[in-house]
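Novice: need a structure here:
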Amino acid sequence: MDHETSPRILVVRPDRIGDVVLSLPVLDALRHRWPKAYLAMLARPYTRDVLERNPCLDAVFDDDPESLHRGPAGFFRQVRRLRAQAFDTALVLMPTMRHVWMISLAGIPRRISVGRKVYHALTRTRSLSRHRYIPLRHESDFCLDLARVIDAREPGNGPLIDLKEEERQGARAVLAKTQGQPVIGIHPGNGRNAPNWTVERYAQLARTLQDRHSAKIVVTGSAEEGHLAEAIVSRLDGPARSLAGRLTLGKLIAVIGELDLLVSSSTGPMHLAGALGVPTVSVFCPLPARSPERWRPLGGRDRNLLPPEGQCPTCDRGPFCDLSGITVDMVGEAVGEQLVRE
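Specialist: Model (predicted):
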């Protein structure tokens with residue numbers, strides 16, 4: 001195989017759903033640069049449903065260090081598996097010692113990672129510095145730095161997540177969409193990975209959206225977040241449904257793809273919505289490490305709200321605040337503007 005025109009490239013991102021979504025532009029840039037390339041991604045098993053819907057990928061490899069690939073035996077099984085694929089390039093978008101050693105022992109000759117770690121030097125892996133995120137850029141652009149190093153400089157602007165028509169039909173059946181009634185998703189949880197509204201605020205917003213727009217409210221979340229969804233739905237008089245804990249990730253992706261708009265904090269479903277071209281309204285913390293400047297959803301159809309008073313005293317050290325400076329009226333107005341725009 002001619003590696004100049006048909007390289008075999010492994011992209012490594014063993015991370016959460018939102019982080020994986022923000023890595024997808026790298027795949028788009030690689031496919032645009034090398035249409036005949038073999039592109040694969042190594043990621044956590046729970047993000048497979050996202051990656052299988054990316055049209056650029058040829059293969060997805062799971063890495064499950066807590067179970068299937070646990071311990072030295074599991075690690076070296078992964079090494080042998082990657083070696084058999086004869087990759088010539090690996091891009092490690094989230095550096096871990098495990099994965100840098102894995103691709104090194106797999107014999108992948110060109111290896112590029114992020115950060116300045118001892119294991120980069122020991123494995124002779126090239127690494128890029130993010131210079132303490134100064135100047136601050138979007139996470140997807142930081143990821144694209146690795147693609148630029150190997151001359152994949154231009155994105156192809158193709159779809160990042162591609163849903164089949166039967167998936168969309170199934171989602172429409174779940175949502176029971178009717179003509180003229182907007183279906184607005186609310187995702188009240190975020191795994192406590194970022195500052196977030198209280199469930200009472202989300203419930204107030206849901207009532208406001210039903211009063212102003214006669215909206216059907218669909219609340220999503222994990223099984224562990226079911227109590228949040230029920231707390232919102234139980235306070236509504238208009239059409240509303242909780243889907244928390246009732247959907248696989250693949251079905252959640254399809255449902256989000258059929259929403260008219262999604263309201264949330266900075267979380268994985270927000271990023272799924274952005275990649276699917278669904279409008280979003282999101283509440284954010286102004287701290288640079290958590291701000292929309294770095295973590296806003298892709299797609300350009302987002303409205304991101306910050307507390308008018310700026311950072312609160314707990315921003316740097318925690319605990320996370322409840323973003324109380326962002327009012328229900330602020331979010332309600334942003335939702336109305338997004339719906340009119342669509």
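Novice: Low-confidence ranges, the protein, go.
Specialist: In the predicted model, the chain carries pLDDT under 70 at residues 1-3.
Novice: Per the annotation, how does it divide into domains?
Specialist: 8-149, 168-341 (automatic domain parsing).
Novice: right, so of those domains, which gets closest to Asp162?
Specialist: Nearest of the domains of the chain to Asp162, taken as CB to CB: domain 8-149 at 4.8 Å. All C-beta spots, glycine's among them, are computed from the backbone N, C-alpha and C.
Novice: Including distance to Pro159 and mean neighbour count, could the domains of the chain go into a markdown table?
Specialist: Shown next, in a markdown table, are the domains of the chain (distance: least, CB to CB, whole Å; neighbours: other CB atoms under 10 Å):
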| stretch | distance to Pro159 | mean neighbour count |
| --- | --- | --- |
| domain 8-149 | 6 | 18 |
| domain 168-341 | 8 | 19 |
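Novice: These: which one's closest to Asn157?
Specialist: That would be domain 8-149 among these, by CB to CB, at 7.2 Å.
Novice: Between the two ends of the closest one, how far is it?
Specialist: Start-to-end span of domain 8-149 (CA to CA, to the nearest Å) is 16 Å.
Novice: Please enumerate the strands of the stretch 201-342 of the chain.
Specialist: 216-219, 240-242, 261-265, 280-283, 302-305 (DSSP state E, counting those that start in this stretch).
Novice: Figure out which of these is closest to Ile9.
Specialist: strand 302-305 (29.4 Å).
Novice: Which elements pack onto that closest one?
Specialist: With contacts defined as 3 or more CB pairs under 8 Å, 6 or more residues apart in numbering; DSSP states H and E, strand 302-305 has these neighbours: strand 280-283, helix 328-341.
Novice: related to what we said a few turns ago, got the strands of the stretch 201-342 of the chain as TSV, with distance to Val118 columns?
Specialist: Putting those into TSV (distance: least, CB to CB, whole Å) gives the following:
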stretch	distance to Val118
strand 216-219	45
strand 240-242	48
strand 261-265	35
strand 280-283	37
strand 302-305	37
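Novice: what about these, which gets the closest to Ala73?
Specialist: strand 261-265 (39.6 Å).
Novice: could I get the closest one in CSV with only the CA atoms?
Specialist: Taking Å, rounded to 0.1, in the frame of the first residue of the first chain, the C-alpha atoms of strand 261-265 are listed here in CSV:
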residue,chain,number,x,y,z
LEU,A,261,-33.7,22.6,20.3
LEU,A,262,-31.8,21.3,23.3
VAL,A,263,-31.2,23.2,26.6
SER,A,264,-28.5,22.0,28.9
SER,A,265,-25.3,22.9,30.7
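Novice: Neighbouring strands - and their directions - for it?
Specialist: The strands beside strand 261-265 in its sheet (DSSP bridges) come out as strand 183-187 (parallel), strand 280-283 (parallel).
Novice: Report the angle between it and helix 328-341.
Specialist: Angle of strand 261-265 versus helix 328-341, following axes from the mean of the first three to the mean of the last three CA atoms, to 10 degrees, is 150 degrees.
Novice: got the residue ranges for the helices in the chain?
Specialist: Secondary structure of the chain (DSSP state H): helices located at 17-21, 24-33, 48-51, 71-84, 97-105, 118-123, 139-149, 165-175, 199-213, 226-233, 249-257, 268-276, 292-295, 328-341.
Novice: ok, residues contacting the longest one?
Specialist: Put plainly, it is helix 199-213. Contacts made with helix 199-213 from outside it, assessed by CB atoms under 8 Å, 6 or more residues apart in numbering, are listed as 182, 184, 186, 188, 215, 217, 219, 228, 231-232, 235-240, 263, 322, 324, 328-329, 331-332, 335-336, 339.
Novice: circling back to that earlier point, reformat the helices of the chain into a markdown table and put distance to Arg192 next to each item.
Specialist: Putting the helices of the chain into a markdown table (distance: least, CB to CB, whole Å) gives the following:
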| stretch | distance to Arg192 |
| --- | --- |
| helix 17-21 | 14 |
| helix 24-33 | 25 |
| helix 48-51 | 21 |
| helix 71-84 | 29 |
| helix 97-105 | 25 |
| helix 118-123 | 29 |
| helix 139-149 | 19 |
| helix 165-175 | 27 |
| helix 199-213 | 13 |
| helix 226-233 | 12 |
| helix 249-257 | 19 |
| helix 268-276 | 13 |
| helix 292-295 | 16 |
| helix 328-341 | 20 |
